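1. Build me a structure from this.
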Amino acid sequence: MARAQTHQVSNVLPHPGDLLYRPLSRDAYFTVLDLVGRGSPLFAHAMNALIAAACCFLVVAFIRRYSDDRAGLIGGFLFASAASIPMLVGWISGSQDLLCILFALGSYNAVARGKVVLGLGLFAAALLSKETAVALAPGLAAITVLGDPKSRKSSLPILLGLAFIIAAWLGIHPWMLHLVRKPLAGSNAYVAFQGWSTLEGFVRGFPSLLNLTWTNQHAWSLVVMASGLFASAVLVVGLRRDWNGQPEIGAESSQSRLLPTVGALTVLGPFLLTSAFVAHWSVYYAGISVLGIAMLAGPVLSRASRPAATSALLAFLVLGVVSRMAILSPDVPHEENLRETARALERIERELKALQPDMPKAAAVYVYVQASGTHGAYDSMYKNQPLKTWYRDSSIEVRDPMHLLPKGREEFLYWISPQFDVFEVNPRTLQARSPGPAAAFPEYQKTLRAFALGLAGRGEVDRAVSVLTGMLQFSDYLKAYDHRSAAAILYAAGRDKEADRLASATPPFPRESALREISGLIAKPIPGIDLDPGALRAFGIAPTDTAAVRSIMRSLEVGGFHESAGRFANRLLGLLPNDQEARHIIRAEPWGQGSQSGPP
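-> Sure, this is the predicted structure:
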């Protein structure tokens, strides 16, 4: 959304820093949303809903072509009853899947009618909407081979066209460039071959094809249940039609095999590809495969009695409604998780704008998120950069206070409390203010500690030390921690005499406490400064103390700070070159981001 606000043609070109290339469903689509709807969520949801309705129309049309009206109607209901579809409408970014489905179905229908150029063009559009569309190429080819004589004549042009489109797409896709230049590793990458974990992906993903989820925990929602009841009524009324006679099947046996073949390929292709290359399965991934379910089950249920078909469809719908309310792991994009994230971000936006109604251009906004849980606020603030859309200015940059931008921008410092209250700290005077509740002093101190580390990383050592040593204190323990942290910064800056004076004037920590606090201080890498040896010295631990280095390494690894654990593993290997535990941790590269907690 932020990139779309710039309205630049270059946005649709491949960007080397991206792993995904979806110029139609991302850049072009969101540019339309911005130009027409000015970023309105309601307008975006309405657009997604219209695309979903168009998909229903196209899946009905395709099934009807090779079966009859009844099979098409049932297939349409199956597709519309999938738990993934409401999520793709309710999550604005679901446009990527919806547009892929729309263009793929358009391609299926066009090729079935013998329109080669249109069919290939729509397939290319599906591919530029979501990479999963490449797995639909076999289904498209099957239509030409098993279809009517008109479509069979175009088999060779279709196959050659598909090969050309896929080859050209692979040639420009950023992921392929990453794969050639620097291979992506295992399950630590968002898009990478999962190896043996692929089998686990199959097991996780298969239930979603049947509107099921691997959980017995649900957040029962009256709104979702009411919408399910209304949908059930629509389904029952929609099936109240003449059920006499049998569907008419095409005379040629090849055409009678077309729907089962294309349906099976449409189910398996996207499902297997997603399971093999995406580490975390989400229900909405099944949206494309459900097209195949509709093609397979529509003709079968059309031959059943109306009560039997109605019961089967209602069961599928009810399972989908229950699945929509499932409580899943916070890292899985799912309706309930996204609703919780939306509630958190709405409150953050409201409180932030109460403090700062307008943000100056190119502002550097440092936000220390102290709220933890399943709401996803931490990742959303830094990864998704919502201030770019809240203030309609793509030049605004949100950073963690420990990762400061170079000087020159107007700077703002905030923290978000565990209750999602937003507080501002003046970066110069260090005074705090709030739009409502009084600030909690421990939260204020945590924010200043993080900001001080960021200042040190940017080279402002004196200012960082001043923040830590000048902070108001109500605890001798925390005062000692802050002073020794300041000493660590001085050691890292090569100012050993000043660091020695500060450390010698500060009460010592017991060994176990010192090791624990060192782990917390250096857990998150800070650009521009290496705190590791300075932190050891500041807290009274010799950098050559192998037992201490090992203890810190283990603590970091258990806490999920894999990159920092790797640094200490290398340090331990420098002291004990054959240490197998350190070698094992290093072999776990590439190290992830680890836990999101910061200094105490």
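2. Only C-alpha atoms from now on, for both contacts and neighbour counts.
-> Noted.
3. Now do the helices for the stretch 101-250 of the chain: every range, in order, please.
-> Listed in chain order, the helices of the stretch 101-250 of the chain (DSSP state H, counting those that start in this stretch) span 116-127, 137-146, 149-152, 155-172, 174-181, 197-209, 222-238.
4. do the stretch 401-550 of the chain as well
-> Counting by DSSP H, counting those that start in this stretch, the helices of the stretch 401-550 of the chain are 441-457, 461-470, 476-492, 496-504, 511-522, 532-538, 546-559.
5. Distance to Ser40, mean pLDDT and mean neighbour count for these - can I get that in TSV?
-> Formatted as TSV, the helices of the stretch 401-550 of the chain follow (distance: least, Cα to Cα, whole Å; pLDDT from 0 to 100; neighbours: other Cα atoms under 10 Å):
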stretch	distance to Ser40	mean pLDDT	mean neighbour count
helix 441-457	33	96	23
helix 461-470	42	96	19
helix 476-492	46	96	24
helix 496-504	54	95	16
helix 511-522	42	95	19
helix 532-538	47	96	25
helix 546-559	40	95	19
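6. Relative to the whole chain's centre, how far out is stretch 8-23?
-> Put simply, stretch 8-23 sits 17 Å off its chain's centre (Cα atoms, centre = their mean, to the nearest Å).
7. Of all the residues in that stretch, which ones are buried?
-> Across stretch 8-23, burial judged by 16 or more other Cα atoms under 10 Å covers 11-12, 14, 19-23.
8. Equivalent analysis for stretch 48-68, please.
-> Judged by neighbour count (16+ other Cα under 10 Å), stretch 48-68 contains these buried residues: 48-49, 51-52, 54-68.
9. Kindly report the same for stretch 423-441.
-> So for stretch 423-441, counting by 16+ other Cα under 10 Å, buried means 423-425, 432-435, 439.
10. swap in stretch 300-307?
-> The neighbour-count check on stretch 300-307 (16+ other Cα under 10 Å) flags 301-303, 306 as buried.
11. related to what we said a few turns ago, out of the buried residues of stretch 423-441, which two are the most distant from each other?
-> Pairwise distances across the buried residues of stretch 423-441 peak at 12.3 Å for Val425 and Pro435 (criterion: Cα to Cα).
12. longest single helix anywhere in this structure?
-> When the chain is parsed with DSSP state H, its longest helix is helix 41-66.
13. list the helices and strands that helix packs on?
-> Packing partners of helix 41-66 (3 or more Cα pairs under 8 Å, 6 or more residues apart in numbering; DSSP states H and E): helix 29-37, helix 69-80, helix 84-90, helix 95-112, helix 258-277, helix 286-302.
14. can you tell me the average pLDDT over that helix?
-> Averaged over helix 41-66, pLDDT sits at 95.
15. so where's the stretch 51-200 of the chain uncertain?
-> Applying pLDDT under 70 to the stretch 51-200 of the chain flags the ranges 150-152, 177-198.
16. Let's see that with 50 instead.
-> In the predicted model, the stretch 51-200 of the chain carries pLDDT under 50 at residues 183-189.
17. next one: the stretch 201-350 of the chain
-> Ranges of the stretch 201-350 of the chain meeting pLDDT under 50: 249-252.
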